[in-house]
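**Student:** Following is a predicted model, sequence given first.
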Amino acid sequence: MDTFVAQIPIPSMGATVHELTLIDLDIEPGDSVEKGQKCAEFESDKSAFDFEVPCSGTIQKILVRAGDIVDANSPFFWIETDDASQKHFEVSGQEGNGSNPVQATKASPAAFTAIDSQPAPARVPLKSGASMGGLKWTPKAIRIVKEAGLDPEIISGIKATGPGGRVSGDDVSSFLADRPATAVKPKPAVLKGRETVCIAGIGFAVPETVMTNKEILKRFPDKDENEIFKTTGITQRHIASEDDDVKSLAAKACDHALQMAGIDVSQIDGVIMATIIPDQPVPSSASALAKHLGIPSVLAFDMNAACSGWLYALETGRAFISSGTAKILLVVTAELLSRITNFDDYSTAFLFGDGAGAAVLTDSESGHQLHRLELSGNADHYEAIQRVGGGAKNPIAQAGSDLSDFYLTMNGAVVFKCAVVAFSDIIEETLRRENITADDVAWIVPHQANERILKAVSKRVGVPYERFVVTIGKYANTSAASVSMALGWAAEEGIFEPGDRIIFCSVGAGLTYAGGLMEW
């Protein structure tokens with residue numbers, strides 16, 4: 001039987017579900033597949049499900065990529081098949097069976113860059129929709145093309161698939177990828193003085209008590225342990241005892257970091273602390289830690305950028321050292337999220353754990369070098385992750401009142417969609433800024449948000465998942481502490497080699513974004 005090329009659509013989940021997230025993709029152009037074979041995993045606001053190939057054949061073209069948010073019934077992939085039941089999906093003008101061979105290629109990345117199909121917040125002062133060369137450009141697109149040493153005023157032949165007919169960042173990336181390699185020479189980075197500092201030591205600490213999923217599931221007898229692991233990648237977490245506090249756990253992480261650095265605590269100029277749940281609101285946990293460590297005269301303050309907090313603090317410390325404000329700093333984070341987790345709420349009970357991490361930053365030009373980190377965010381999704389109680393609006397829980405405001409809450413669907421795109425953008429922008437490729441990166445050390453998010457990001461940016469440092473299975477999501485703990489764990493395991501390029505990336509409540517490069 002003659003073959004033909006069919007365009008298979010994104011599955012429909014009914015009249016009330018219009019948007020799906022492509023979590024995982026198991027097929028590539030050129031793959032021979034059998035009817036009923038799993039090819040992708042999707043998630044809607046209501047459920048996650050596997051999608052099976054509707055017919056046997058050969059995959060010709062994939063029109064989306066892992067992490068994309070797509071409309072139900074929109075184009076998914078092309079397949080060459082002889083299955084007559086798919087004839088109504090035939091692509092006009094594309095014949096199979098070798099009479100008009102179809103080139104098996106991946107389509108250009110989808111132009112979607114945020115939940116509402118709007119460009120991510122600009123990190124440079126450019127107006128969205130700026131008109132250049134007769135086209136409208138998003139700020140991200142302008143930034144990318146200028147970093148490549150090109151002039152958007154004179155570029156021609158570029159597609160504009162972004163919102164409102166704008167040239168998007170994905171359009172520019174596709175345009176640059178299709179040009180001859182010799183035609184694009186990225187501008188060298190312009191450094192204002194020395195921008196790198198040394199991470200001389202790294203350490204982490206966790207409480208002794210371990211709580212497994214099985215223990216939490218006693219509260220949810222109708223739920224399944226395998227379902228929890230499939231959804232989150234988490235099997236256990238460490239939980240603080242009644243006697244544990246943020247200060248003491250942070251001090252243990254600092255001790256490990258100072259020992260690795262070979263630096264006495266008396267040499268420290270300051271303590272920068274990232275946490276969303278300090279031991280007390282005033283004074284800062286950094287001040288409490290400085291007193292505890294025996295260095296009461298140093299600069300000390302807290303930061304709260306949620307899960308991105310440690311990277312925000314790390315960049316602040318880097319800037320302090322680069323500017324001469326300090327020479328040696330402790331950049332610390334500690335989170336006791338079990339204190340603000342509602343273990344009776346199935347949507348969050350399994351997600352969080354307790355832990356701490358610390359780094360010693362110095363002005364040394366040798367050793368593990370931290371590059372400038374990029375910080376940004378998207379406050380349009382301010383309410384996606386929050387703890388309403390405990391602030392000026394609702395400072396104290398009244399007797400008999402609802403305590404739900406004093407626990408962490410999360411809109412999982414919004415966070416998933418934002419995180420996949422934001423993580424990917426952070427990694428890709430770091431590659432461009434540092435003028436390196438994905439093949440040059442030895443490791444990704446991400447915020448440990450959700451294993452499915454990280455797998456989708458891996459597929460989206462083209463960095464194998466085996467090169468992601470993933471510790472969420474045993475430590476769960478520890479908010480600001482997660483990146484430092486993953487880095488500390490990997491350092492203790494000895495998996496880093498001298499010269500390894502490591503990219504950090506994080507998304508936190510706010511939403512806050514952070515990421516960048518260090519060289520081991």
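**Tutor:** Thanks, I have the structure now.

**Student:** From here on, just use CA atoms for contacts and neighbour counts.
**Tutor:** Will do.

**Student:** Distance from the chain centre to the helix ranked longest in the chain, please.
**Tutor:** Longest helix in the chain, counting residues (DSSP state H): helix 412-434. Helix 412-434 sits 5 Å away from the centroid of its parent chain (C-alpha atoms, centre = their mean, to the nearest Å).

**Student:** What's the end-to-end length of stretch 365-374?
**Tutor:** 21 Å (C-alpha to C-alpha, to the nearest Å).

**Student:** can you list contacts of it?
**Tutor:** 195-200, 311, 315, 318, 514-520 (C-alpha atoms under 8 Å, 6 or more residues apart in numbering).

**Student:** Number of residues surrounding His39?
**Tutor:** Actually, residue 39 is Cys. It isn't His. A count of nearby residues for Cys39, using other C-alpha atoms under 10 Å, gives 17.

**Student:** List the contacts of it.
**Tutor:** Leu25, Asp26, Ile27, Asp50, Phe51, Glu52, Val53.

**Student:** Please name the bridge partners of the first one.
**Tutor:** In this structure, Leu25 bridges to Ala40 when assessed by DSSP bridges.

**Student:** Just give the number of residues close to it.
**Tutor:** For Leu25, the count of nearby residues is 21 (other C-alpha under 10 Å).

**Student:** Over to the second one?
**Tutor:** Other residues near Asp26 number 12, with proximity taken as other C-alpha under 10 Å.

**Student:** mind listing what's buried in the longest helix of the chain?
**Tutor:** 413, 415-433 (16 or more other C-alpha atoms under 10 Å).

**Student:** just checking, what packs against that helix?
**Tutor:** helix 139-147, helix 451-461, strand 501-508, strand 512-519 (3 or more C-alpha pairs under 8 Å, 6 or more residues apart in numbering; DSSP states H and E).

**Student:** Mean pLDDT and mean neighbour count added to those, as TSV?
**Tutor:** Formatted as TSV, those follow (pLDDT from 0 to 100; neighbours: other C-alpha atoms under 10 Å):
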stretch	mean pLDDT	mean neighbour count
helix 139-147	73	21
helix 451-461	90	22
strand 501-508	97	25
strand 512-519	97	24
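
**Student:** and these as a markdown table, adding distance to Glu225?
**Tutor:** As requested, these are exported to a markdown table (distance: least, C-alpha to C-alpha, whole Å):
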| stretch | distance to Glu225 |
| --- | --- |
| helix 139-147 | 42 |
| helix 451-461 | 16 |
| strand 501-508 | 27 |
| strand 512-519 | 31 |
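
**Student:** And the ones you listed: which comes nearest Asp83?
**Tutor:** helix 451-461 (29.4 Å; C-alpha to C-alpha).

**Student:** now what about the closest one, what contacts it?
**Tutor:** 22-25, 65-67, 231-234, 416, 419-421, 423-424, 427-428, 438, 446, 464-465, 470, 472.

**Student:** Quick check: the gap between Gly140 and Arg65.
**Tutor:** Careful, residue 140 is Lys; it's not Gly. In terms of C-alpha to C-alpha, Lys140 sits 20 Å off from Arg65.

**Student:** Let me see the confidence value for the residue lying closest to Lys146 once chain neighbours are set aside.
**Tutor:** Closest residue to Lys146 apart from its sequence neighbours, by C-alpha to C-alpha, 6 or more residues apart in numbering: Pro152 at 7.4 Å. Per-residue pLDDT puts Pro152 at 71.

**Student:** Equivalent analysis for Ile340, please.
**Tutor:** 95.

**Student:** any idea which helix or strand carries the residue lying closest to Ser364 once chain neighbours are set aside?
**Tutor:** Leaving aside its chain neighbours, Ser364 sits nearest to Cys198 (5.6 Å; criterion: C-alpha to C-alpha, 6+ apart). Per DSSP states H and E, Cys198 falls inside strand 197-205.

**Student:** From the contact counts, what lies against that strand?
**Tutor:** Checking 3+ C-alpha pairs under 8 Å, 6+ apart, strand 197-205 ends up next to helix 246-261, helix 309-323, strand 354-362, strand 368-370, helix 481-493.

**Student:** Nearest to Asp402, out of these?
**Tutor:** The nearest among the helices and strands packed on strand 197-205, by C-alpha to C-alpha, is strand 354-362 at 24.6 Å.

**Student:** thinking Gln37 is in contact with Asp50, fair?
**Tutor:** No: using C-alpha atoms under 8 Å, Gln37 is not in contact with Asp50; the gap is 9.8 Å.

**Student:** any weak-confidence spans in the chain?
**Tutor:** Along the chain, the parts satisfying pLDDT under 70 run over 15-16, 45-47, 95-134, 139, 151, 153-154, 156, 162-165, 178-194, 400.

**Student:** Per the annotation, how does it divide into domains?
**Tutor:** 4-106, 115-187, 197-519 (automatic domain parsing).

**Student:** Gln37 and Asp50: which has the busier surroundings?
**Tutor:** Neighbour count, other C-alpha under 10 Å: between Gln37 and Asp50, Gln37 has more, with 16 against 13.

**Student:** how much space between that one and Asp425?
**Tutor:** 31 Å.

**Student:** In terms of distance to Ile385, which of the contacts of stretch 365-374 ranks first?
**Tutor:** The closest of these to Ile385 turns out to be Ala514 (C-alpha to C-alpha; 16.6 Å).

**Student:** Surely Lys230 forms part of a strand?
**Tutor:** No: counting by DSSP: H, G, I helix; E, B strand; the rest coil, Lys230 is not part of a strand but helix.

**Student:** Next, the residue nearest to Lys146: secondary structure please.
**Tutor:** Secondary structure, three-state DSSP: Pro152 is coil.

**Student:** Thanks a lot, see you next time.
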